[in-house]
Structures are given as structure tokens and as C-alpha cells.
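[1] Generate coordinates for the sequence data below:
(chains A, B and C)
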Amino acid sequence: MPFEDAFTSFISVLDAIAVGVFAVTGALVASRKEMDIFGFALLGTVTGLGGGTVRDLLLGNLPVFWVKNPTYAAIALTVSAVVFFTAHIPESRYRLLLWLDAVGLSLVCVIGADRGLTANVGGFIAIVMGVITAVFGGIIRDMLGGESPVILRREIYVIPAILGAMAFVAVHSWGAPYSVAAIVGFTLCFTVRGLALYYGWSLPPYKSRPGRKAADVAPQPDPPGDGKETAP
Amino acid sequence: MPFEDAFTSFISVLDAIAVGVFAVTGALVASRKEMDIFGFALLGTVTGLGGGTVRDLLLGNLPVFWVKNPTYAAIALTVSAVVFFTAHIPESRYRLLLWLDAVGLSLVCVIGADRGLTANVGGFIAIVMGVITAVFGGIIRDMLGGESPVILRREIYVIPAILGAMAFVAVHSWGAPYSVAAIVGFTLCFTVRGLALYYGWSLPPYKSRPGRKAADVAPQPDPPGDGKETAP
Amino acid sequence: MPFEDAFTSFISVLDAIAVGVFAVTGALVASRKEMDIFGFALLGTVTGLGGGTVRDLLLGNLPVFWVKNPTYAAIALTVSAVVFFTAHIPESRYRLLLWLDAVGLSLVCVIGADRGLTANVGGFIAIVMGVITAVFGGIIRDMLGGESPVILRREIYVIPAILGAMAFVAVHSWGAPYSVAAIVGFTLCFTVRGLALYYGWSLPPYKSRPGRKAADVAPQPDPPGDGKETAP
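    As a prediction, the model looks like this:
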């Protein structure tokens, strides 16, 4: 099926782009912390390769993808170096980055779920793998960079990844070709994440209730939907 | 040997319970930090599944246990969601949780050591695997939640896990059936942890001595056995 | 080739020494934080074994090296315990430690790259494996100990590891025997790291430039070569 083959190649290219986009988000955290070039390289590669690395370890797909195909590692390192030497771009970069990150998120939740299906782990774990691939790079980045992990902020970031991975797995299980399932998953994830970015949606926090100690309840003025956004 | 078969099934049930109990401790850290439901899911699943995941990675038992048997992942996610919606239980929950955690600790140090023996790694590494399974979920939870890792607090928490795993491996090596070794290991671990909880035992800290710089020596009034307890 | 066999045995001994040296650096972080003996054991073993563990996981060399050969784990645990009971040595220990750490770094970047070549991953990834083996133990140590990761400080620490691993891989690819390649790699790494220690070299930080928000630009008086040194 030539179209499906071509589509698979197309996805490989997009996968490499997603690695690069996530590496940029890692390198920009290094930039905010005024690190040296090795800090950029560490945070850039960990963010670009981290989610897929955790996924491959859990699935037992070893060696991990960037050891099998060093192009991914080369992309992450190169991107980190480029950001180190060029990060004096205007502030608008930040908004652009959020949208690039949304593209990466949407690609990677589908690709991660597909790796899970290929490893025959069943739909539920395949969805989990899609979500892990999409968000763990960012979690490790934020821990290394001393920032609050993205998953712990009240932003609509994980929901799109879950929805995208679920849609991909569902459409695939209905017998649709890979390309259709991937496009549906990508589109759903990107739409939800894009709406959240555009309208500044955030999630309601956990509300403490009577029965908890007063000392546990810090004042927390953060109404949902207040338009605040944080780096993905 | 029907009894041993039944006992193995019984242990599988207890293993699932331990995953759930540890997931509760993770979700309650998310509750203290007022996270959203994805923070609960992340901290709950990482705590419930983390120790066994690290163990399986180190041993090369891949894919990891919860990919092979997704029930564990489903339990951890469900428990985290339940805590998110019901955590407004009274303060007594905290004390109960410490005891539930002691049950989980005692189960998991034995199960982890048994996985090591099954992988033929020898008694020393089997004990190490029991301890890793018992404590690494909590270490990752505390790092993600921004709390001081449980192993770094002056509490009798690791000693019971070491003793339980050692007792299990020793009794097993003497030719006793799995059930006897497991019961001995569990009982020893639970007894020591229970006594530590009941009497508020803690460990003596490292004392600085002459020859160190004064700047290194922060005042540290923390006499052992002062009854202070911290979350497991 | 008896000499090469003897050299390989010699390297194994040095590898064990490197594990011990790194374990000392981990245990001394535990000492600065006044942890109990389990904190020493955790930080010591994680630092001593962490880099090689990450490398083995990424390469799929499972179980990891210290599960296959528990001597390494025993060394790391023993060293941590010895530091706990004897760390009241004079301040000069710190300077000595920096030099011991330089020896460990130089050994491990070569050994890690060699493991990569043995796994047939190609020269680029072999160099990456050498660097990961050399620096990841320290990164995990600093994250667990709540210190700024060594790779994020402006010190010449990663460059020597990169140069050593590159030299080893290059000389090896030119057909030189293992012993020659290893000695060249070790010597280059140790020389650069030693010069950096002796002269207090550090790296220029990332300089913000026009176009960034003022709020992003914290004042940062840290001229290169100011002789400041931080713990490796």
C-alpha cells in the first residue's frame, strides 16, 4: 500500500520534528536559568528524547530508539546548540513555542500509542504509552531545571494527549488504516490543546473540604479560566 | 502443592492491594499540594508502580510488570481518582495511612526479594531488590511532589524493609516453602515498622565532629525517639 | 595477547575503584545534609552505580552491571558506610576528593564508551554512553541531595569526559589496541579536568541579549576563571 508507506515515512519525519521542538523547550528552560552550553545540551536532549526513552524502557524496546537511530540524538543536540547561540530572539518566541509544543504533543501521543500497539500491549497500555511519551520529557526537564513539573500545573496539557491517544487507538481498533487513525488522533489532540492555549483554559484545583486541618489549607486564589498560561 | 498455589494467588491479591495503598500515599501528597486530577494520577501511579518498575528495569524483566498485567496500572489510576474525589475524610486518615503503608511495605519487600530470587541474582541482590521495590516508589513520589525523600528522613522505614527481605531470603534458602518464608519476612518487617510507628522511633543523625568547618554544621535539635513522625 | 588480557583485568579493578570514588562523593553530600546511614547508603550507591546503570538500561545490557556482578554494589554500600563512620576527616578531604573524582571521571568515560562500542552502537552513541556513564551518577546524586546538578554549574566537568570518550573512540577506530586507546582517553580527560581544577577554570554562562524581557535577566556576576570551585 504505497500511500500507507509514504505516510509512515512522513510520520518518521514528523517524529524527528517533534524531538527537535521538545528539545527547543528544554533549551529555553536552560536559557531562563542562564546555564552554560552543557546545561542546554542536557535539558534539550532530555526533553527531546526523554518521553520516548521512558516508553522504550517500560516496553522493553531496547536499546532505546535514539541508540538504534542516532539521528534523533543528533537532532536534539544540534537544536540545543542552535538555541544556545541564537536564543536572543524576541519575546514572541514564547508564544510561538507554545504552539510548536502543541504540534509536538499531538504527534508524539499518536506515535507513542502506536509503539504500544506494535508491542502488543493492548489498548489501555498503548494509550498510557502515548501519554507517557508525550509528557515525561517535560516532567524530567522541569525536575532538572528546578521548575514545577508541567503536569502539576493547572493547565489543559495532559487531557489533549489522552484524548489523542485514545482516538488513535479507537479508530485503529475499528480497522481504519494507520494514516486515518493517526490523523484523527493528531487532530483531536491539537484541537483541544489549541483551544486551551487560545482561551487560556485551566483545570479546577483540588478543593479542600471540612475535616482537613486548617494548616493544610493554604490560601490559593487561582480561579479556573483566568487566562494565565505557563510554559509547557 | 495446592496450598502453595493458593498462597501464591493470595500473594498476588496482596500485591495488588500494596499497589493501591502506595497509590493512596502518592495521591495524598498531591492533595496536600492542591494539585489537579492529573497531578493525583501522576503521583498515585508513580508511587504505586514505581518501586516494582525500577526493580523490573534493573533485573531486565521487561516489559515491566504493569505493562504485562495492566490491572496494576488500572488499580493505581482508579485509587488516585477515588482519592481526588473523596479526600475530605477526617484527619484520622493520616494515622490510618501510616499503618496501611506499613502493610504495603511489608508485602512489597518480600515480593521484591522473591522476584530477585526468581531471576537467579543471588541472595544479596535479591535483598537489594526487595528494598528497592519497597522504597523507590516513595522516593520518586517525594521528588515529584517537592518533599524531602522518605529515605532521607530520620525514621525507621528502610530498616524494616531490609530485615523483612533478609528474613525472607534466609528462610527460603534454608529450604522452607515460599509461604513460610513470606510470612516470616512480612511479620518481621511489619513488627519492626509497627513498633517504630507506635513508639515514634527515629534514627540518630550523622553527627559532625571536630575537623569540619563550622559553616558545615547547622544546629540540629532532633533527639532520637522524640515521637515526631513524618509521612511515609 | 596476554598484555591486553592483563590490561582488561587492570581496567576492571580501576572500574571498581571508580565506583568507590563516586560513592564517596555521594556519601559526602549525605554528610553535608546530616542524613542518617540510609541517606548515606542511598546517595553513595546511586552516585557510584547510577551512571553505569543508566547506560546499561539505554543499551539494553540487562540485568544491569551490578546485578550481574554484585561486587560493585557491595563496594558502593561499604564505602558509604565507611564514610558515615569516618567522615570527620579534616577539610583537606574536599580537595582530595575533587582529584579522586577526576580519576573516576577519566576512567569511567573510557569504560562507558567501550561498553558502547562492545554493543555495536557506533562511535557517536559510544561517546554519548561514555559521557552518560561519567556524569549521570552525579546528576542523580545532586537531584536526590537537593543540590544544583553538577552539569548545570559553570565548571569544566563535562568537556573532559567528552574529550576522553572521543579520544578513546577515535584511537580505537584507527586500529590501536584497547590498552592504547584507553590510556589516551584517560590521559586526555584527566589532563583537562586536572588543569581546570588547578587553575579554577569555569565556562562562560549564557549571556542574555537585547530582545529578552528585563525580568528574565537576573544580574549574574560570575566572570570565567574566577577560581571558584564547586563540588563535583
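[2] Determine the number of other residues adjacent to residue A:12.
    13 (other C-beta atoms under 10 Å in any protein chain shown). The way it works is simple: take the backbone N, C-alpha and C, and place the C-beta from them, glycine included.
[3] What of residue A:74?
    Other residues lying near residue A:74 total 17 when counted by other C-beta under 10 Å.
[4] Nearest to chain B within chain A, name that residue for me.
    Nearest to chain B, among the residues of chain A, is residue A:60, at 2.8 Å (C-beta to the nearest C-beta).
[5] from memory that residue sits against residue B:63, does it?
    Yes. At 4.6 Å, residue A:60 counts as touching residue B:63 under the criterion of C-beta atoms under 8 Å.
[6] Name the residues contacting each of these two.
    residue A:119 (C-beta atoms under 8 Å, 6 or more residues apart in numbering or on different chains).
[7] one step back: who touches the residue of chain A closest to chain B in this structure?
    A:119, B:62, B:63, B:64.
[8] residues contacting residue A:56?
    With C-beta under 8 Å, 6+ apart, residue A:56 has these contacts: A:62, A:64, A:65, A:115.
[9] now the residue nearest in space to the middle of chain A: how far from residue B:185?
    Geometric centre of chain A, nearest residue: residue A:134, 3.4 Å, by C-alpha atoms, centre = their mean. Per C-beta to C-beta, to the nearest Å, residue A:134 is found 40 Å from residue B:185.
[10] same check, this time on residue A:71
    From residue A:71 to residue B:185 the distance is 48 Å (C-beta to C-beta).
[11] Of the two, which one has the most company?
    residue B:185 (29 against 13).
[12] out of the contacts of residue A:56, which touch chain C?
    Restricting the contacts of residue A:56 to those touching chain C (C-beta under 8 Å from any C-beta of the partner chain) yields A:62, A:64.
[13] Make TSV out of the contacts of residue A:56 and add pLDDT, distance to residue C:189 and secondary structure.
    Shown next, in TSV, are these (pLDDT from 0 to 100; distance: C-beta to C-beta, whole Å; DSSP: H, G, I helix; E, B strand; the rest coil):
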residue	pLDDT	distance to residue C:189	secondary structure
A:62	90	28	coil
A:64	94	25	coil
A:65	93	29	helix
A:115	91	36	helix
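[14] For the closest residue to chain C within chain A, list the residues it contacts.
    Nearest residue of chain A to chain C (C-beta to the nearest C-beta) works out as residue A:62 at 2.8 Å. Residue A:62 makes contact with A:56, B:62, C:57, C:58, C:59, C:60, C:62 under the criterion C-beta under 8 Å, 6+ apart.
[15] Would you format those as TSV with secondary structure and distance to residue A:171 included?
    Formatted as TSV, those follow (DSSP: H, G, I helix; E, B strand; the rest coil; distance: C-beta to C-beta, whole Å):
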residue	secondary structure	distance to residue A:171
A:56	helix	24
B:62	coil	28
C:57	helix	33
C:58	helix	33
C:59	helix	35
C:60	coil	32
C:62	coil	35
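[16] Return the backbone torsion pair for the residue of chain A closest to chain B.
    Backbone torsions of residue A:60, given as degrees, to the nearest 10, read phi 80, psi 20.
[17] From residue B:20, how far out is the closest residue to residue A:133 other than its chain neighbours?
    Distances taken as C-beta to C-beta, 6 or more residues apart in numbering or on different chains place residue A:112 nearest to residue A:133, at 2.8 Å, with adjacent residues excluded. When C-beta to C-beta is applied, the distance between residue A:112 and residue B:20 equals 26 Å.
[18] Is the closest residue to residue A:41 other than its chain neighbours part of a helix or strand, or is it coil?
    Closest residue to residue A:41 apart from its sequence neighbours, by C-beta to C-beta, 6+ apart: residue A:80 at 4.8 Å. For residue A:80, the assignment made with DSSP: H, G, I helix; E, B strand; the rest coil gives helix.
[19] Tell me how many other residues surround residue A:80.
    When counting by other C-beta under 10 Å, one arrives at 28 neighbours for residue A:80.
[20] what's next to stretch A:115-133, contact-wise?
    A:51-52, A:54-56, A:58-61, A:108-114, A:158, A:161-162, A:164-166, A:168-170, A:172-173, B:63, B:66-67, B:70, B:73-74.
[21] Give me the subset of the residues you listed that lies in helices.
    Judged by DSSP state H, the contacts of stretch A:115-133 include A:51-52, A:54-56, A:58-59, A:108-114, A:158, A:161-162, A:164-166, A:168-170, A:172-173, B:66-67, B:73-74 as members of helices.
[22] For the buried ones among the residues you listed, write the corresponding PyMOL selection.
    Selecting only the buried entries of these in PyMOL, with 16 or more other C-beta atoms under 10 Å in any protein chain shown as the criterion:
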select buried, (chain A and resi 51+52+54+55+56+58+59+108+109+110+111+112+113+114+158+161+162+164+165+166+168+169+172) or (chain B and resi 66+67+73+74)
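[23] what packs against the longest helix along chain A?
    Counting by DSSP H, the longest helix found in chain A is helix A:2-32. For helix A:2-32, the helices and strands in contact under the criterion 3 or more C-beta pairs under 8 Å, 6 or more residues apart in numbering or on different chains; DSSP states H and E are helix A:37-59, helix A:71-86, helix A:92-118, helix A:123-144, helix A:178-199.
[24] and the angle from it to helix A:92-118?
    130 degrees (axes from the mean of the first three to the mean of the last three C-alpha atoms, to 10 degrees).
[25] what mean pLDDT does helix A:2-32 have?
    The pLDDT scores in helix A:2-32 average 84.
[26] repeat for stretch A:182-192
    95.
[27] is any part of it close to chain B?
    No. Residues of stretch A:182-192 are not located near chain B by C-beta under 8 Å from any C-beta, the shortest gap being 13.9 Å.
[28] residues in contact with that stretch?
    Contacts of stretch A:182-192 with the rest of the structure, by C-beta under 8 Å, 6+ apart, involve A:7, A:11, A:102-103, A:105-107, A:109-110, A:113-114, A:156, A:159-161, A:163-165, A:167-169, A:171, A:176.
[29] go with 7 Å
    In this structure, residues lying in contact with stretch A:182-192 by C-beta atoms under 7 Å, 6 or more residues apart in numbering or on different chains are A:11, A:102-103, A:105-107, A:109-110, A:156, A:159-161, A:163-165, A:167-168, A:171.
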